[in-house]
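# sequence and computational prediction follow.
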Amino acid sequence: MRSYLRQRVAGEAAHVDFAELFFDLVFVFAVTQVSHTLLAHLSWQGAIQAAIVLFAMWWVWIYTAWATNWLDPTRPLVRLMLFVLMLAGLVFSTSIPEAFGERGLPFALAYVFMQVGRCLFTAWAMRRQAPDNAVNFLRISSWQAFGGVFWIIGAFLPTEQRMVVWTIAVVVEYASPALAFWTPWLGKTALNALDVEGGHMAERAGLFIIIALGESILVTGATFGEAHFDALTLAAFITAFVGSVAMWWIYFNNSAEHHNVPDPMDAEAVRRSSDLARNGYTYFHTIIVAGIIVSAVGDELVLAHPSGHHADLGTVLTIVGGPLLYLCGTSLFQGTLRRRWPVSTGVAIVVLIGLCLIGGNVEPLTLAAMTALVLVGLGARDTILRERRANAKA
């Protein structure tokens, strides 16, 4: 009997397949589209629209990561599924700038097709070797179809009403994991029944963070290349790069610890692994990615106008608000991962809030430099403490 599931080896983490990396290329484009959309509509309405699009983009990606946590991407049919999702993902991504305009329907149809189609395929692929998980994906398909009704209805409405209906769709879909995908007649999913391969999930999430940070660096380089070259522009370029490196440092040195493969006979270990996958990766990484995207917008604004005026509210909220979102997300993730809240990250969050309050009184480049200094200081402090603990154990 042909199996479409990964062959798991006790105590070993599954590695990300090249087909999964190829699939991620679509989301390099999608992240760029979200940041450019926010930059083009830097207002409260534009921020809400960008948030809705971001939530949809992340939900497509993370649910595919969940699916390939169980499915074997080396199987031809699983690869074909990923390629079909890529094609629909290109329609989804190209529609992002006009999702609240003329391309709302292609955006919604592509999104619903990816979500429902992938879940139904996964349920079909699991029906023999993992029937309980197949039922779980039928529950997920039901929730995705229910949310899809709001996505498609909203596509036919004017912009303001579309925002409201699509917000309802986001709330419905993001509530479903917290509600254990409860579905009439099918019941709900037990958390310890998910049997998540933690190492694979950690690697997939880390790779997406690389994608988002890479987009930030590409935007910084492209903007710098088109800007007038002078000392202020060079300083803004270096500041933006240092901020991106600091974000990488904070996540990969302090947050992205190895998510151990649980012993299948240890019910508590399996429950904790599944809880981390649901909360740490599914929910909290949304905030981390949002922080990176908002920070990229702030970098563009600083490169375009580094000095000569005080930062306006939109500039302050992107320059400081992006890293603030990022640290809030990493703090929540670290708390879930380690079962304790990082005090140093909390202090950095308080400092960034203070910078938000005074940001309107300084020039954009100065504000960006102070923000980058906070991120570098946090990364350096946590690295020093980690090295001290390692030396104490040696």
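Structure's in. What do you need? Numbering: from 1, shown residues only.
# where in the stretch 101-250 of the chain is pLDDT low?
Low-confidence segments of the stretch 101-250 of the chain (pLDDT under 70): 191-195.
# residue ranges of the helices in it, please?
Counting by DSSP state H, counting those that start in this stretch, one finds helices in the stretch 101-250 of the chain at the ranges 104-126, 131-155, 159-178, 198-226, 231-250.
# count of neighbours near V164?
Here the number of neighbours of V164 (other Cβ atoms under 10 Å) works out to 11. For glycine as for every other residue, the C-beta is placed from the backbone atoms N, C-alpha and C.
# domain boundaries for this structure, per the record?
As assigned by automatic domain parsing, the chain contains the domains 18-189, 198-393.
# okay if I get the ones you listed as CSV plus distance to R2?
CSV is the format used below for the domains of the chain (distance: least, Cβ to Cβ, whole Å):
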stretch, distance to R2
domain 18-189, 8
domain 198-393, 22
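# right, and these - which one's nearest R8?
With Cβ to Cβ as the measure, domain 198-393 is the member of these nearest R8 (8.3 Å).
# got the contact list for A56?
Contact analysis of A56 by Cβ atoms under 8 Å, 6 or more residues apart in numbering lists 92, 111, 170.
# show me the contacts for the first one.
Shown in contact with F92 (Cβ under 8 Å, 6+ apart): 30, 56-57, 60, 106-107, 110-111, 114.
# make it 7 Å
107, 110-111, 114 (Cβ atoms under 7 Å, 6 or more residues apart in numbering).
# which one among those gets closest to L39?
Using Cβ to Cβ, the contacts of F92 come closest to L39 at F107, 18.8 Å.
# chain neighbours aside, what residue packs nearest to W124?
Closest residue to W124 apart from its sequence neighbours, by Cβ to Cβ, 6 or more residues apart in numbering: A134 at 7.6 Å.
# tally of neighbours for the one you found?
16.
# coming back round to it: L5 is nearest to which of the domains of the chain?
Proximity to L5 (Cβ to Cβ) singles out domain 18-189 among the domains of the chain, at 5.2 Å.
# ends of that closest one, what's the gap?
Using Cα to Cα, to the nearest Å, the end-to-end distance of domain 18-189 comes to 30 Å.
# how far off centre is it?
A distance of 13 Å separates the centroid of the chain from that of domain 18-189, by Cα atoms, centre = their mean, to the nearest Å.
# what's the answer for stretch 221-240, then?
Relative to its parent chain, stretch 221-240 has a centroid offset of 27 Å by Cα atoms, centre = their mean.
# now the end-to-end length of that stretch.
Stretch 221-240 has an end-to-end distance of 10 Å (Cα to Cα).
# so which residues make contact with it?
Under Cβ under 7 Å, 6+ apart, the answer for stretch 221-240 is 220, 299-300, 302-304, 306-307, 365, 368-369, 372.
# hmm, try it at 10 Å
Applying Cβ atoms under 10 Å, 6 or more residues apart in numbering, the contact partners of stretch 221-240 are 32, 216-217, 219-220, 241, 295-296, 298-308, 319, 363-373.
# same question for stretch 130-140.
For stretch 130-140, the surrounding residues in contact (Cβ under 10 Å, 6+ apart) are 3-5, 63, 66-67, 70, 115-116, 118-128, 144, 173, 176-177, 180-190, 193-195.
# just the buried members of those residues?
Among those, those classed as buried by 16 or more other Cβ atoms under 10 Å are 4-5, 63, 66-67, 70, 115-116, 118-123, 125-126, 144, 173, 176-177, 180-181, 183, 189, 194-195.
# can you list the contacts of A56 in a markdown table and add distance to P158?
Shown next, in a markdown table, are these (distance: Cβ to Cβ, whole Å):
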| residue | distance to P158 |
| --- | --- |
| F92 | 21 |
| Y111 | 19 |
| V170 | 18 |
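# let me know the pLDDT of the closest residue to W61 other than its chain neighbours.
Spatially, and ignoring its direct neighbours in sequence, W61 is nearest to F27 (5.6 Å; Cβ to Cβ, 6+ apart). pLDDT for F27: 93.
# now G335
Residue-level pLDDT assigned to G335 equals 83.
# what distance separates the strand or helix carrying it from the middle of the whole chain?
If you go by DSSP states H and E, G335 is part of helix 321-338. Remark: helix 321-338 is offset 12 Å from the chain centroid, using Cα atoms, centre = their mean.
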